[in-house]
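>>> Take a look and give me a structure for this.
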Amino acid sequence: MAAGERCAAAAAGMKEDFEIIDKTQVPDTAELKNVEKEKEEAKWSAPILSLAKKASENLALSYGSALKSAASVGLISKAVSNDSTAKTTARHHAMEERANLMNMMKLSIKTLIQSALSLGRTLDSDFPPLQQFFVVLEHCLKHGLKAKKTFIGQNKSFFGPLELVEKLCPEASDIATSVKNLPELKTAVGRGRAWLYLALMQKKLADYLKVLLDHKHLLSEFYEPDALMMEEEGAVIVGLLVGLNVIDANLCLKGEDLDSQVGVIDFSLYLKETQDSDGKQDGDITAVLDQKHYVEELNRHLSCTVTDLQNKIDCLEKTNSKLQEELAAATDRIGSLQEEQQQLKQQNELIRERSEKSVEVTKEDTKVELDTYRQSRQGLDEMYSDVWKQLKEEKKIRLELEKELELQIGMKTEMEIAMKLLEKDTHEKQDTLVALRQQLEEVKAINLQMFHKSQNAECSLQQKTEAISSFEGKTNEMMSAMKQMEERLQHAEKARQAAEERCNKMKQELASRLDTCRQQMSQLDSKCSTLEKELKSEKEQRQTLQRELHREKDATSLLKTELEQMEGLKKELRKLQDEKQQLEKVCEEQEQALQEMGLHLSQSKLKMEDIKEVNKALKGHTWLKDDEATHCKQCEKEFSISRRKHHCRNCGDIFCNACSSNELALPSYPKPVRVCDSCHTLLLQRCSSNSS
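This next block holds a predicted model:
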C-alpha cells in the first residue's frame, strides 16, 4: 500500500509525466533483465545506478513499514505461524488491490475532467474517458462483494448496495423507479450501470455514495470486511467524485445494451510515450514499476472476466437445456392442439350440415305458408273487386267501405294482441314442458335406483301405473274435446255456406231488380247496409273460427307430444320390468348357488376325516388350499359364486365344474369320487394297461 502511494505521489510530483506505453509494449521480467544487461554493456553512469538502488531500498523500506503499520493496527498478529502468514498475505493482497484501484480512480477522474474542460461541451455516452471512468468505478464497487447463491449459481452484483440509497435518501427514488421501468434491462449489472449514469447526470453521485459510506453496518451485508467500500479508500474516492460536479453529461439509456457490456480497463489512455532524458531516470524507474502494477491489475481483471464468462456459459447451457425441454413440451402441445382443431373442424362441418338442412326445411315451410297466404289474399281481392264494382256509383257505400277498413285495422290490432296472448300461452307451455322434462329426469333417477333398491321397485311401479292411468284419462278427455271442436267446425262451415247462399240470392235479386227499383234506392241502401253488417259479422265469426282452429291444432300437437312421451314412459317401464325380471332370475340363481354351497359345506364337514386319510395315502401329491387358487388350472377361468371350486381327489389341484365332471373309484376312496379330465385319461390308460 505504501509503495503504491509513493509511486502515485512521485508520479503526481513530476507533473504527472508517466511513461505511457501500449499494452503490447509492456515488458516482462526477462525483457527487463535483458535491458539491464544492455545498459550495463552500454556502461550506465554511476548516478543512474545509485538512483535504481535507492528506489529498490525505498520499496523494501515501504513494504516493511506497511507490514509494521498493519501489525500495529492489529491487522497482522505478532505470532508468526502458517495461518497467520496466509492471513497476512491475503490482507496485503487486498491492500494492494485497494491502492491500485484508488490510483486508477484518481487517474480516470483527472483525465475525464481535463478532457471535458478541453472539449467545452456536454459529454455523451460514447466519450472514451467517460466510459473508462464508469469501468473503473464498477471495479471499485465490485471489490470485496459477497457472492449470493441462486438456483442458477453464485451471483455478484453491485446493484444490491445501490438499492439501499433509495431507503436512506428519498431523493434517489426517482432514479430507482426510472431504472426499474426500463424494459431493456434484464440483469442486475445493467440496472447498476444505468443507476450510475443517472446519478452522474444529476451531479449527486458523490452524495449518494457518501450516504452509503455513512451506514457501513448496512454495507456489511454485501461487502467483505477488507473491501474498498468498507475501508478509508472508499471515503477518498467519494471525495474525488465531488470534482465531477463540474461536468455536464447527457447520457441516453434506451439505445445501449448495458447488460452485455464487458468492463475492461484500457491503460493506453493513461500511458505516455517514453522520453529519453538522463535527468529523469528516477521517474522512469517509478513509471516502469507503476506500469508493472497496472499490468498485474489488468491480468487480474482479465482473469475475473474469464471466470464471469465461464459462469455465463454454464448458465446459458442450463437455460438452453431448459428451453429444449420446453420446446419438446410445446411441440407435443401443438400436436394435441392440432388434433383438437381437426376434431373441432369435423364438428363444425356436422353442425353446418345440420343448420343447412334446418334452413332448407324452414324455407320450404315458409314457401308453403306464402302460397297459402297468396291464395287467401287472391280470394279476398276478388271479393273486394266484386264489392267495388257493385258500389262504384254510390259514395255512401265508399264511405262505409272506408269505415270497414278502419274496423279491419282495429281487428288487426286485436289480432296482434291475441298473438301476444298466444305467445304468452306458448311460453307457459314451454315452462310446463321444462317441468315435465325435470320430472322425466327424476323418474330416470328413480329408475336407476331401482337396480340398487329392488324392494322399493313395486311402490314406484304402482305410482307410475297410477300416473299412466291419469295420463290416459287426460288423453281421453282431450280426444273428446277434439271431437267437440270438430263438430263446432262442421256447424260453422254449414253456417258459412248458408250465409254464402244467402249472399248469392241477394246478389241475384239485386241484379234483377236494379232496373225496376232505381226509385227505391234509399230502401236498397238500407238493405245493403244491413247486408254489409251481416257480412262483417260473418267475417268476424269466420276469423274467430279460424283462431279456434289454430288453437285446437296447437292443442292436438301438444296432445300428440304428450302421447309420444307417454309411449316413451311405457317403453321405459317395460325395460325396467324386464330388468327387474332379470335381477330376480339372478337372485334366484344366487340363492340356488348358496343352497348348493351350504349342502357342499355340510358334506365337506362330514368328509373331512375321509380327506385326512386320503392325504396320508397321497403323499406324492399336494392338496391346494382354496385361498391359493383364483383361476381354474385347465381352462384358466376365474372362480365366482356361480363358477365354484372343486378339488381333484387324485392330483389335489383345484378345477371348475366343467373341467372336473368325471368320477372314478380310487384305492383310497371306497366310492367313485371327482377327478379332473387329465387324471381321468391317465387313470383310464393305467387301467387299460393293467388289464392287458
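>>> Residue 164 - how many residues pack around it?
18 (other Cβ atoms under 10 Å). Where you see a C-beta, it was placed from the backbone N, CA and C, and this is true even at glycine.
>>> Spell out the secondary structure type for the spatially closest residue to residue 551 that is not a sequence neighbour.
Once flanking residues are discounted, residue 551 sits nearest to residue 422: 7.9 Å by Cβ to Cβ, 6 or more residues apart in numbering. At residue 422 the chain is in helix, as set by DSSP: H, G, I helix; E, B strand; the rest coil.
>>> Roughly how far does residue 422 sit from residue 634?
75 Å (Cβ to Cβ, to the nearest Å).
>>> tell me which strands and helices the helix or strand hosting residue 470 is in contact with?
Per DSSP states H and E: residue 470 is located in helix 457-512. Counting contacts by 3 or more Cβ pairs under 8 Å, 6 or more residues apart in numbering; DSSP states H and E, helix 457-512 packs against helix 395-452, helix 521-606.
>>> average pLDDT across the first one?
I take that to be helix 395-452. Per-residue pLDDT over helix 395-452 has a mean of 79.
>>> Also stretch 346-358?
According to the model, stretch 346-358 has a mean pLDDT of 86.
>>> Might you calculate how far that stretch sits from the centre of the chain?
31 Å (Cα atoms, centre = their mean, to the nearest Å).
>>> buried ones in that stretch?
The neighbour-count check on stretch 346-358 (16 or more other Cβ atoms under 10 Å) flags nothing as buried.
>>> Residue 495 versus residue 528, what's the distance?
22 Å.
>>> Please apply the same query to residue 625.
Residue 625 is 95 Å from residue 495, by Cβ to Cβ.
>>> hmm, back to that, average pLDDT for the helix holding residue 470, rounded please.
77.
>>> what inclination does it have with respect to helix 395-452?
170 degrees (axes from the mean of the first three to the mean of the last three Cα atoms, to 10 degrees).
>>> Adjust the sequence numbering to begin at 27 for everything that follows.
From this message on, residue numbering opens at 27, which makes the last subject helix 483-538.
>>> average pLDDT across stretch 409-416?
In the prediction, stretch 409-416 has an average pLDDT of 75.
>>> could you dump it to CSV, C-alpha only?
Taking Å, rounded to 0.1, in the frame of the first residue of the first chain, the C-alpha atoms of stretch 409-416 are listed here in CSV:
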residue,chain,number,x,y,z
MET,A,409,-114.2,-10.4,-53.1
TYR,A,410,-113.2,-6.8,-52.7
SER,A,411,-113.2,-6.2,-56.5
ASP,A,412,-116.8,-7.5,-56.7
VAL,A,413,-117.9,-5.2,-53.9
TRP,A,414,-116.1,-2.3,-55.5
LYS,A,415,-117.8,-3.0,-58.9
GLN,A,416,-121.2,-3.1,-57.3
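>>> now it, how far from the chain's geometric center?
76 Å.
>>> what's the closest of the helices and strands packed on helix 483-538 to residue 351?
helix 421-478 (47.0 Å; Cβ to Cβ).
>>> by contact count, what packs against that closest one?
helix 307-416, helix 483-538, helix 547-632.
>>> picking that back up, looking at residue 554 and residue 521, which one has more neighbours?
A count of neighbours by other Cβ under 10 Å puts residue 554 above the other of residue 554 and residue 521, at 19 against 14.
>>> how close does residue 145 get to residue 161?
Where residue 161 is concerned, residue 145 sits at a distance of 20 Å (Cβ to Cβ).
>>> and stretch 141-151, which residues are buried?
141, 142, 149, 151.
>>> quick check, nearest of those to residue 344?
Using Cβ to Cβ, those come closest to residue 344 at residue 151, 32.6 Å.
>>> how about the nearest residue to the closest one, chain neighbours excluded?
residue 277 (4.7 Å).
>>> got a list of what that neighbour touches?
149, 150, 151, 223, 224, 226, 227 (Cβ atoms under 8 Å, 6 or more residues apart in numbering).
>>> Check whether it sits in a helix, strand or coil.
coil.
>>> repeat for residue 209
Per three-state DSSP, residue 209 ends up coil.
>>> Let me know the pLDDT of it.
pLDDT for residue 209: 79.
>>> From residue 217, how far off is it?
As judged by Cβ to Cβ, residue 209 and residue 217 stand 12 Å apart.
>>> The helix holding residue 496 to helix 547-632, inter-axis angle?
Using the same axes, to 10 degrees, the inter-axis angle of helix 483-538 relative to helix 547-632 is 160 degrees.
>>> Distance from helix 483-538 to the middle of the chain?
63 Å.
>>> again with stretch 698-718
On Cα atoms, centre = their mean, the centre of stretch 698-718 falls 72 Å from that of its chain.
>>> Go through that stretch and flag the buried ones.
Quick answer for stretch 698-718 (16+ other Cβ under 10 Å): 699, 700, 701, 702, 703, 704, 705, 706, 709.
>>> Least confident of those residues?
residue 709 (83).
>>> packing partners for the host helix or strand of that residue?
Element membership for residue 709, per DSSP H and E: helix 703-717. Contact here means 3+ Cβ pairs under 8 Å, 6+ apart; on that basis helix 703-717 packs against strand 688-691.
>>> neighbouring strands for the strand it packs on, and are they parallel or not?
strand 698-701 (antiparallel) (DSSP bridges).
>>> send the alpha carbons of the strand it pairs with over as CSV?
Coordinates of each C-alpha in strand 698-701 appear next as CSV, following Å, rounded to 0.1, in the frame of the first residue of the first chain:
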residue,chain,number,x,y,z
PRO,A,698,-66.2,-93.1,-7.0
VAL,A,699,-65.0,-89.5,-6.4
ARG,A,700,-64.5,-86.4,-8.5
VAL,A,701,-61.4,-86.4,-10.8
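>>> Residues contacting it, please?
By Cβ under 8 Å, 6+ apart, strand 698-701 touches 672-676, 686-692, 709.
>>> I'd like these written out as JSON lines, with distance to residue 443 added.
As requested, the contacts of strand 698-701 are exported to JSON lines (distance: Cβ to Cβ, whole Å):
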{"residue": "672", "distance to residue 443": "84"}
{"residue": "673", "distance to residue 443": "88"}
{"residue": "674", "distance to residue 443": "90"}
{"residue": "675", "distance to residue 443": "94"}
{"residue": "676", "distance to residue 443": "96"}
{"residue": "686", "distance to residue 443": "86"}
{"residue": "687", "distance to residue 443": "85"}
{"residue": "688", "distance to residue 443": "90"}
{"residue": "689", "distance to residue 443": "92"}
{"residue": "690", "distance to residue 443": "96"}
{"residue": "691", "distance to residue 443": "100"}
{"residue": "692", "distance to residue 443": "99"}
{"residue": "709", "distance to residue 443": "98"}
